[in-house]
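> Sequence and predicted model, in that order:
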Amino acid sequence: MKAKLISIVIGLILVSVPKSNAQNLRFGLLGGFDIVTIHQTPLDPHQIGQPYDPIKSYNINCYISLKSKGIWGISVEPGLIQKGGLNYKSRTELKYLQMPIFIDIYILQRLSLSFGPEFAYMLSAKSINPNSIANISGIYDRKFEFSGSIGINYILGKRIGIGLKYNHGLTTILKSPQYGDNWEILGWQNNYNEYFQLKLSFRI
């Protein structure tokens with residue numbers, strides 16, 4: 001899967017290089033204020049504090065964007081993000097190495113809509129309670145995550161840009177048991193990461 005991701009990025013760049021004189025290349029750094037949670041389906045009526053409540057979080061990324069002479073462009077935002085959620089008094093924090101890839105459609109010269117996949121790999125997972133912190137990396141079924149994003153971006157000036165993004169997991173991070181009245185296991189819940197992001201970018 002990593003090889004496929006690299007091939008996609010290289011392919012997009014190679015397609016764009018012959019027309020480089022008609023391109024607008026930007027690269028820099030971006031940071032984000034995120035509202036993250038864990039979306040569960042189906043909901044379990046016996047789960048305390050369910051569904052997961054959202055928590056405040058962050059992301060730190062670099063970015064490369066390439067705009068064509070027309071209305072489209074591509075951008076890549078590799079970096080780090082903390083996902084997770086709050087269940088009763090337990091705060092789950094999941095740190096990921098992420099690689100969002102976007103197709104950008106420029107409605108105006110400075111305003112664009114973006115959509116595309118995000119590839120992420122879990123670096124660590126911990127559960128924070130009032131009296132303890134536990135490493136819970138071992139409970140997650142898969143470390144690799146595939147998700148989809150949609151967003152809107154605006155370039156304020158030569159160096160500053162802002163944006164809003166929504167992301168939802170397309171692959172589960174965990175299957176948790178769903179209990180009956182006598183706490184017997186009736187089925188399994190699918191757990192997905194979900195987040196809203198307000199980001200600020202600085203062009204280098």
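Arrived safely.
> which SS state does the residue of the chain positioned farthest from its centre fall under?
The outermost residue of the chain, judged against the average C-alpha position, is Asn182 (37.3 Å), by Cα atoms, centre = their mean. Following DSSP: H, G, I helix; E, B strand; the rest coil, Asn182 is assigned to coil.
> where along this structure do the strands fall?
For the chain, the strands defined by DSSP state E cover 24-41, 55-67, 72-76, 79-87, 90-106, 111-129, 132-135, 144-155, 160-169, 174-179, 185-203.
> List of residues touching the shortest one?
Taking contacts as Cβ atoms under 8 Å, 6 or more residues apart in numbering, the residues outside strand 132-135 that touch it are Ser124, Ala125, Lys126, Ser127. Bear in mind the C-beta positions are built from the backbone N, C-alpha and C, glycine included.
> Swap in 6 Å and give it another go.
Here strand 132-135 makes contact (Cβ atoms under 6 Å, 6 or more residues apart in numbering) with Lys126, Ser127.
> middle-most residue in the chain, spatially?
The chain, centroid-nearest residue using Cα atoms, centre = their mean: Asn167 at 5.5 Å.
> same question for stretch 188-198, mean pLDDT?
Mean per-residue pLDDT for stretch 188-198: 94.
> For that stretch, buried residues please.
Neighbour counts over stretch 188-198 (16 or more other Cβ atoms under 10 Å) mark Gln189, Asn191, Tyr192, Asn193, Glu194, Tyr195, Phe196, Gln197 as buried.
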